[in-house]
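1. heads up, no residue letters with this:
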Ligand code: ADP
Ligand code: MG
């Protein structure tokens, strides 16, 4: 089961990864956007880390809702409201449970991804973050590792697409041949989730030496 601390560690890991990859995200956005995606995400996740430390929320849902609100209020670009909506809606769907299972998270994230699609008016294939998020949510029913791999594949698959939403769509056919920045940051966030789950599973096994690896455990691939 995933507790409140797991969700805080996930977002902290995402903040670290985004910080490390900010230059790459901005380079991707300079090819088909306005070269601010790395800075936007860095600012947003730094604020998320600070907000979670200042007033640690009591439940997984509250962690995600606070993170979402923080992204909306600190990120000026299109990605702020979109990621903010993703996390807020996912958090809301988790309700006030103290612990949630991977399957619960998968269905809550599905609601979050649907809210992103409604807000942005985009669908998979439009060369946006949805190209990574949608397959990731489907694969999360299987395992955290599968979700992360699906997000990576989805982000890579945006390269040959022509953008139909967001700033990149202004470029028309010139958006072809570049990986979408938002799909790339989504893949980083899913990688942070898989990494956090793998660490948790490792810790659980350390705590119970000799325990048979449980293929249905949180870190199960
Ligand atoms: P901005 O485009 O305002 O500069 P960012 O550079 O931070 O904002 O984010 C750009 C990313 O946001 C894109 O790469 C894309 O993945 C995502 N995005 C933009 N518009 C939409 C939309 N309508 N629906 C879903 N995602 C979108
Ligand atoms: Mg931008």
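-> Alright, I've got the coordinates. As the structure is a prediction and not an experimental result, all values here were calculated from the model. Ligands and ions are numbered 1, 2, ... in the order given.

2. Quick check: buried residues in the lengthiest helix in the chain?
-> If you go by DSSP state H, the chain has its longest helix at helix 4-32. Going by neighbour count (16 or more other C-beta atoms under 10 Å), the buried part of helix 4-32 is 4, 6-15, 17-18, 21-22, 24-26, 28-29, 31-32. From N, CA and C alone the C-beta is placed, and that goes for glycine too.

3. Distance of the spatially most central residue of the chain relative to residue 152?
-> The centroid of the chain falls nearest to residue 189 when counting by C-alpha atoms, centre = their mean (3.8 Å). To residue 152, residue 189 is 12 Å away according to C-beta to C-beta, to the nearest Å.

4. re the thing from before, at contact distance from ligand 1, anything in the longest helix of the chain?
-> Yes - interface with ligand 1: helix 4-32 contributes residue 29 (C-beta under 6 Å from any ligand atom).

5. Name the next helix or strand downstream of that helix, please.
-> helix 37-54 (DSSP states H and E).

6. ok and that next one relative to helix 4-32, angle-wise?
-> When axes from the mean of the first three to the mean of the last three C-alpha atoms, to 10 degrees is applied, the directions of helix 37-54 and helix 4-32 differ by 160 degrees.

7. before we move on, the earlier item: which among the buried residues of helix 4-32 are in contact with ligand 2?
-> residue 29 (C-beta under 5 Å from the ion).

8. residue ranges with poor pLDDT in the chain?
-> 207-221 (pLDDT under 70).

9. Show me which residues of it are close to ligand 1?
-> Within the chain, the positions near ligand 1 by C-beta under 6 Å from any ligand atom are 29, 33-34, 36-37, 40, 77-79, 82, 120-122, 128-130, 165-167, 180-183.

10. Let's see that with 8 Å instead.
-> 28-29, 32-34, 36-37, 40-41, 75-80, 82, 116-117, 119-122, 126-131, 165-168, 180-186 (C-beta under 8 Å from any ligand atom).

11. where do the strands sit along this protein?
-> 2-3, 99-100 (DSSP state E).

12. Burial-wise, tell me which of these comes out on top.
-> strand 2-3 (a mean of 19; mean count of other C-beta atoms under 10 Å).

13. mind checking how far that strand is from the chain centre?
-> 17 Å (C-alpha atoms, centre = their mean, to the nearest Å).

14. List the strands paired with it, with their directions.
-> strand 99-100 (antiparallel) (DSSP bridges).

15. mind listing what whichever residue of the chain sits closest to ligand 1 touches?
-> The nearest approach of the chain to ligand 1 comes at residue 182, 1.9 Å away (C-beta to the nearest ligand atom). Going by C-beta atoms under 8 Å, 6 or more residues apart in numbering, residue 182 touches 37, 79, 82, 128, 129, 132, 166.

16. and ligand 2, which of those residues reach it?
-> residue 37.

17. Go through the contacts of residue 182 and say which is closest to ligand 2.
-> residue 37 (4.8 Å; C-beta to the ion).

18. Quick check: that closest one touching residue 26?
-> Yes - the pair residue 37 and residue 26 qualifies as a contact (C-beta atoms under 8 Å) at a distance of 6.0 Å.

19. I'm done for today, thanks for sticking with me.
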